[in-house]
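Participant: The following block contains a protein sequence and its predicted model.
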Number of protein chains: 2
Amino acid sequence: MKSTTDEPHGKSDAGLPPRGTPKNYLMAWLLVMLKDLDLHGYEIMKELRENFAVVSDPGTVYRALRQLERDGYIASRWDSQEQGPARRVYALTDAGTAALELWSGALEQYRKNLDAFFSLYTGSWIKPPKK
Amino acid sequence: MKSTTDEPHGKSDAGLPPRGTPKNYLMAWLLVMLKDLDLHGYEIMKELRENFAVVSDPGTVYRALRQLERDGYIASRWDSQEQGPARRVYALTDAGTAALELWSGALEQYRKNLDAFFSLYTGSWIKPPKK
DNA sequence: TACACCTATGTGTAGAATGCACCTACCGGG
DNA sequence: CCCGGTAGGTGCATTCTACACATAGGTGTA
């Protein structure tokens, strides 16, 4: 049983870091996974869980993939092999490639922001004097 | 008028990077701002908006500060100077200092994760062979 | 045959984080 | 007298994600 959800008075512990991934981070990862290879959802999900620890739940991955498809960033086809259930294989579209480029720029920005955080955390911060 | 909200069929553009900050990122910043100095909300909010671009909205900052206080990570006192309205000045508690340390570790982890993303984005990724 | 388990793909739902719009109140200048 | 800046706050809607659960084909095994 989770300790943070059964408190009677609504203690929420938002001050503590979540296992939390940045908002919409998942989308960037889905796009980058498909950059060179076409993959199906289960494969992507396992990689993201086991190798990259980006997401914990299969449902979230499948839902996000369908959303990316609705929005035209990826396209899917069915791969019906005789072994096991059919797979929905995804491929990046041109819009998806463009979006991935945008994501890359945005994440570089995040990285600089992180550096700013650490420079506050390690050095002392001098508040800019009010003019 | 925002172009993403009035589409009839629910297009949501989640594939594109949001101005988006990582989830709960704000909490880490509030804590780190108070690491060496006691500040009031308005000051913190202006810094976060103008110098660090972490958050866009004052309400969000004030709300988050109250939440951190409810959870015991920061404490407030009123600073009633005769100039202008009274200010609620915040200071880090011991729990807050500990939480900030946790945040620092989590964000270092996040940075490594970002590096993994970029190594996928720039190099080619070789999918690990299924055993 | 029954069952457990793995692959593969989803839906329903709830909680949390955030942005936008809006409100109160104090104070100084034109 | 009204405007704008300082200071703090609420209500609401949207969005993201985790958890639980459902479905279905296939394989091994008791």
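Facilitator: Looks like it arrived, so ask away.
Participant: Quick one: residues contacting the residue nearest the centre of chain A.
Facilitator: Among the residues of chain A, the smallest C-alpha distance to the mean C-alpha position (CA atoms, centre = their mean) belongs to residue A:26, namely 1.6 Å. The neighbours of residue A:26, taking CB atoms under 8 Å, 6 or more residues apart in numbering or on different chains as the test, are A:48, A:54-55, A:60-61, A:64. (C-beta placed from N, C-alpha, C; glycine too.)
Participant: And the helices in chain A?
Facilitator: When secondary structure is read from DSSP state H, chain A shows helices at A:25-33, A:41-46, A:58-70, A:94-121.
Participant: out of those helices, nearest to residue B:96?
Facilitator: Using CB to CB as the measure, helix A:94-121 is the one of these that comes nearest residue B:96, at 13.1 Å.
Participant: per-residue confidence averaged over the closest one?
Facilitator: Throughout helix A:94-121, pLDDT has a mean value of 93.
Participant: Buried residues in that helix, which are they?
Facilitator: The neighbour-count criterion (16 or more other CB atoms under 10 Å in any protein chain shown) identifies A:95-96, A:99-100, A:103-104, A:106-107, A:110-111, A:113-114, A:116-117, A:120-121 as the buried residues of helix A:94-121.
Participant: Could you report the separation of the residue in chain A that chain B sits nearest to from DNA strand D?
Facilitator: In chain A, the residue found nearest to chain B is residue A:22; the distance is 3.0 Å by CB to the nearest CB. Relative to DNA strand D, residue A:22 is positioned 7 Å away (CB to the nearest atom of the strand, to the nearest Å).
Participant: what pLDDT does the residue found closest to that residue once you drop the neighbours it is linked to in the chain get?
Facilitator: Nearest in space to residue A:22, with sequence neighbours left out and distances taken as CB to CB, 6 or more residues apart in numbering or on different chains, is residue B:22 at 3.0 Å. What the model reports for residue B:22 is a pLDDT of 75.
Participant: looking at it, residue B:22 is touching residue B:110, isn't it?
Facilitator: Yes - here residue B:22 lies in contact with residue B:110, judged by CB atoms under 8 Å, at a distance of 7.0 Å.
Participant: Quickly list what's touching both of the two.
Facilitator: Residues touching both residue B:22 and residue B:110 by CB under 8 Å, 6+ apart: residue A:22.
Participant: ok, the closest residue to DNA strand C within chain A - how many residues close by?
Facilitator: Distance from DNA strand C to each residue of chain A (CB to the nearest atom of the strand) is smallest for residue A:59, at 2.4 Å. Neighbour count of residue A:59, defined by other CB atoms under 10 Å in any protein chain shown: 9.
Participant: so what's it up against?
Facilitator: Contacts of residue A:59 (CB under 8 Å, 6+ apart): none.
Participant: any idea how far it is from DNA strand D?
Facilitator: Between residue A:59 and DNA strand D the computed distance is 3 Å (CB to the nearest atom of the strand).
Participant: Repeat that for residue A:31.
Facilitator: From residue A:31 over to DNA strand D the distance is 13 Å, taken as CB to the nearest atom of the strand.
Participant: same deal with residue A:66?
Facilitator: On the measure of CB to the nearest atom of the strand, residue A:66 and DNA strand D end up 11 Å apart.
Participant: Just give me the neighbour total for that residue.
Facilitator: Residue A:66 has 15 neighbouring residues, counting by other CB under 10 Å.
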